[in-house]
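K.L.:
Sequence first, predicted coordinates after that:
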Amino acid sequence: MFKNKRIVYVHDVKVMNRHLKFCYQNRILGNSEAWVKLQRLPRAYYTLDAMYARIVLRYCGNGLPYTEYIFYLDGSEHQQAISGMRAFNILQRMSHKGVVDLTGNKDYYDPLYGTWSVGSIAGLIYFNPKYSGARYENCVCYDRRSAYSAAMLEPIPNTKVLPRRNDYVKEGEIGFRLMPHGINNEQHFYAIFEPGYLAEYIYPAIESPFKSFVEHFYKKRANAKGVEADRIKQTLNYAVGYIRRKNPFIHSCILSRARYYIESLIDENTLYSNTDSIVSMVPRPDLDALVGDGIGQFKVEHKGSFAYNGSGYQWNYEMPSMRGRSKEWFKNAYPNGYDILRDEIPFMEANKYEFDKKEGIIKLCDLKQEEKEVSTEVI
């Protein structure tokens with residue numbers, strides 16, 4: 001959105017409160033990043049998103065570039081090795097600008113709200129409803145290595161040219177259409193790779209310009225450890241996420257390929273699946289044959305007991321995974337362990353901090369009232 005935008009994870013509540021106080025006193029609250037960018041003096045504005053588990057503050061100040069400050073109310077300390085913009089810039093450099101920026105096309109993109117009129121696509125989440133609410137032993141999770149990277153090696157649409165509209169896909173073309181599809185029958189902006197199917201937008205297919213990017217970082221990832229391994233993994237994944245901001249057709253092509261592949265492997269013994277993994281009640285000889293170290297091959301990620309309740313899943317009584325729920329909430333609310341089939345799901349009341357919108361500061365949740373009153377002073 002802004003050139004040279006920084007992302008900073010703030011772990012000290014006093015530091016975050018200083019940023020909030022500065023903005024409340026010296027900046028005007030804007031509607032969104034896209035809205036702020038369109039103003040004559042964008043530096044005079046700030047945006048603030050107060051979500052369930054985190055606060056996101058964006059502004060320019062003190063001679064620094066436009067910066068996004070992120071503070072987690074659940075008390076966790078997150079760190080990002082690379083930003084999505086930086087990962088995307090690396091992808092563009094190594095692919096000779098393989099992602100065509102379509103944000104200037106008003107037929108597709110609304111610059112005021114930063115949204116695409118053609119639609120979008122998300123990753124796959126599938127639960128087999130027959131097995132919900134019980135725990136199963138001896139389950140196996142097969143995780144696909146770099147599912148998005150594998151899709152990036154395949155042909156992509158040539159979005160440098162105008163698409164053919166509302167016609168049937170021919171050989172050597174990739175079509176796109178907003179439609180229900182897949183095992184969940186979810187409506188998304190899907191890519192169509194097979195000839196003979198009706199599509200709303202149709203582009204010529206070209207050889208992927210992303211091969212050097214994928215192969216370079218995947219090779220480096222093999223021997224990387226710690227922060228370097230995180231940085232490489234994030235570079236591969238965040239670049240794909242950022243493509244969505246620039247080109248919905250290429251983004252749809254990548255996610256559609258990954259979704260279609262994993263959906264083709266779901267069978268009657270599948271308990272759960274997402275875009276790059278399958279949890280099976282029994283070992284899968286067909287997937288065992290695909291285990292390896294290459295891009296798009298599988299590895300056995302988990303074994304043991306598996307339970308899910310429609311909201312999320314849990315391996316071996318470890319901290320559960322639930323969309324929209326912070327793992328720190330479970331640690332804060334259930335220090336002696338959590339059972340997804342028995343215990344209540346914690347919510348924002350399990351945060352360590354709370355955001356006072358009226359005063360514009362972050363406070364500790366577990367202080368006594370008199371201590372809380374003292375803590376309202378911004379340091």
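P.N.:
Perfect, I can see it now. Numbers count the residues shown, from 1 in each chain.
K.L.:
so which strand or helix has the nearest residue to residue 56 once chain neighbours are set aside?
P.N.:
Closest residue to residue 56 apart from its sequence neighbours, by Cβ to Cβ, 6 or more residues apart in numbering: residue 49 at 4.3 Å. Bear in mind the C-beta positions are built from the backbone N, C-alpha and C, glycine included. When elements are assigned from DSSP states H and E, residue 49 belongs to strand 45-50.
K.L.:
Could you point out the helix or strand that follows that strand?
P.N.:
Remark: after strand 45-50, the chain's next helix or strand is strand 54-61, criterion DSSP H and E.
K.L.:
Pull up the pairing partners for that following strand, direction included.
P.N.:
Here strand 54-61 has these sheet partners by DSSP bridges: strand 45-50 (antiparallel), strand 64-72 (antiparallel).
K.L.:
can I get those strands in a markdown table with mean neighbour count and mean pLDDT?
P.N.:
As requested, the strands paired with strand 54-61 are exported to a markdown table (neighbours: other Cβ atoms under 10 Å; pLDDT from 0 to 100):
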| stretch | mean neighbour count | mean pLDDT |
| --- | --- | --- |
| strand 45-50 | 18 | 95 |
| strand 64-72 | 18 | 92 |
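K.L.:
now the helices for this protein?
P.N.:
13-26, 33-37, 84-94, 147-152, 211-221, 226-246, 248-263, 285-288, 327-333, 369-375 (DSSP state H).
K.L.:
count of neighbours near the closest residue to residue 322 other than its chain neighbours?
P.N.:
If the residues on either side of it in the chain are set aside, residue 322 comes closest to residue 312, at 3.0 Å by Cβ to Cβ, 6+ apart. Under the neighbour criterion other Cβ atoms under 10 Å, residue 312 is assigned a count of 18.
K.L.:
which residues touch residue 312?
P.N.:
Applying Cβ atoms under 8 Å, 6 or more residues apart in numbering, we find residue 312 in contact with 320, 321, 322, 323, 325, 340.
K.L.:
Please pick the buried ones from the residues you listed.
P.N.:
Among those, those buried by neighbour count (16 or more other Cβ atoms under 10 Å) are 320, 321, 322, 325, 340.
K.L.:
these two touch, right, the second one and residue 308?
P.N.:
No: Residue 321 sits out of contact with residue 308 when judged by Cβ atoms under 8 Å, with a separation of 9.3 Å.
K.L.:
Can you pull the residues that touch both of those two?
P.N.:
Taking Cβ under 8 Å, 6+ apart as the contact rule, the neighbours common to residue 321 and residue 308 are residue 314.
K.L.:
Skipping adjacent residues, who's closest to the most centrally placed residue in the chain in space?
P.N.:
Computing the C-alpha centroid of the chain and ranking residues by Cα atoms, centre = their mean puts residue 241 first, at 6.5 Å. Leaving aside its sequence neighbours, residue 241 sits nearest to residue 84 (Cβ to Cβ, 6+ apart; 5.6 Å).
K.L.:
how many other residues sit next to that neighbour?
P.N.:
Residue 84 has 21 nearby residues by other Cβ under 10 Å.
K.L.:
Distance of it relative to residue 326?
P.N.:
The span separating residue 84 from residue 326 equals 21 Å under the rule Cβ to Cβ, to the nearest Å.
K.L.:
Ok, residue 191 next?
P.N.:
Separation of residue 191 from residue 326 (Cβ to Cβ) stands at 33 Å.
K.L.:
Could you do residue 269 as well?
P.N.:
For residue 269, the distance to residue 326 (Cβ to Cβ) stands at 31 Å.
K.L.:
Show me which of these two is the more surrounded one.
P.N.:
When residue 269 and residue 326 are compared for neighbours, residue 326 comes out ahead with 22 against 16, by other Cβ under 10 Å.
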